[in-house]
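K.L.:
the following comprises the amino acid sequence and a computationally predicted model.
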Amino acid sequence: MKIFLIGFMGSGKTHWGRLLSVKLQLPFSDLDTVIVEKEEKTVSEIFAEKGEEYFRYLEKEVLEDIVREQEHFILSCGGGTPCFFNNIEFMKKNGKVIWLNTAVDVLQERLLKERMSRPLIREIGDAELRLYISRKLSERKMYYERADVMAQALADVTIKPPASRLVSNVLAAPISDPDEIRRRLIEQVTGTVRWRESVAYMASQGVTRFFEIGAGKVLSGLVKRIADGAVGIPVSGPNDIASAKDALAAAQVA
């Protein structure tokens with residue numbers, strides 16, 4: 001199985017890629033990261049020293065190498081990857097392409113917080129950021145739309161009633177109906193999540209250990225700040241499973 005995740009920066013490709021990697025037991029890679037390792041330069045340095053044309057040829061080459069050399073994977077692609085050299089059709093021919101179609105308001109909210117870690121938008125002011133996102137999305141939409149939408153993919157997933165209480169991080173409240181779980185997952189992809197309120201709710205119900213599957217230490221600090229005495233336990237790969245089992249065993253003894 002080959003899965004390609006596409007979408008604008010800030011749409012959550014890495015986050016969802018890691019979650020899918022754990023769920024589907026498939027290796028996860030980030031295309032830009034593979035390029036950086038190959039060139040031993042950052043993406044910004046490649047653009048500055050050799051130009052965008054060189055980068056796009058390199059991007060196509062690395063993409064084709066990954067498809068040829070790996071039978072199964074989940075790949076997070078750069079925001080512009082589908083827009084050059086007919087890459088979108090190449091990906092569709094060789095696997096499943098999922099577009100994380102995230103609203104402009106949500107992208108703006110996320111990127112305002114992440115701007116300093118993203119060279120392409122680091123120098124763009126707050127007022128100009130929304131215009132930049134809208135313009136780039138308009139340019140790329142015709143390519144993105146040739147893929148599947150994450151919401152459509154989720155609509156086809158079979159969801160069974162949960163064996164234990166499930167808290168939606170969109171509602172910050174428990175849910176159990178499979179159809180509602182699906183709706184809230186779709187909202188999670190395209191809207192704003194309420195991590196702080198969700199953690200606070202679970203802490204109020206006596207939860208003291210939070211297992212973070214896939215994302216890896218993103219919420220650990222938040223858990224400690226909100227829930228006094230609580231522990232955040234990341235499970236982002238096979239090496240973390242033993243620690244998770246020990247934590248569960250300790251919880252059962254307590």
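P.N.:
Arrived safely.

K.L.:
please name every helix or strand in contact with the host helix or strand of Glu59.
P.N.:
Assessed by DSSP states H and E, Glu59 sits inside helix 43-69. Counting contacts by 3 or more Cβ pairs under 8 Å, 6 or more residues apart in numbering; DSSP states H and E, helix 43-69 packs against helix 31-39, strand 73-76, helix 87-94. All C-beta spots, glycine's among them, are computed from the backbone N, C-alpha and C.

K.L.:
please name the residues that touch Met9.
P.N.:
Gly79, Leu107, Leu111, Arg118, Leu120, Ile121 (Cβ atoms under 8 Å, 6 or more residues apart in numbering).

K.L.:
excluding chain neighbours, give the residue nearest to Leu107 in space.
P.N.:
Nearest residue to Leu107, sequence neighbours excluded (Cβ to Cβ, 6 or more residues apart in numbering): Gly10, at 4.8 Å.

K.L.:
quick revisit: among the helices and strands packed on helix 43-69, which comes closest to Arg18?
P.N.:
Of all these, strand 73-76 sits nearest to Arg18, with 8.5 Å by Cβ to Cβ.

K.L.:
can you list the neighbours in contact with the closest one?
P.N.:
By Cβ under 8 Å, 6+ apart, the list of residues contacting strand 73-76 reads 2-5, 13-14, 17, 20-21, 24, 26-31, 63, 66.

K.L.:
hmm, 6 Å instead?
P.N.:
2-5, 13-14, 17, 20-21, 26-31 (Cβ atoms under 6 Å, 6 or more residues apart in numbering).

K.L.:
so where's this protein shaky on pLDDT?
P.N.:
Applying pLDDT under 70 to the chain flags the ranges 117, 119, 148-154, 188-193, 213-221, 236-238, 251-254.
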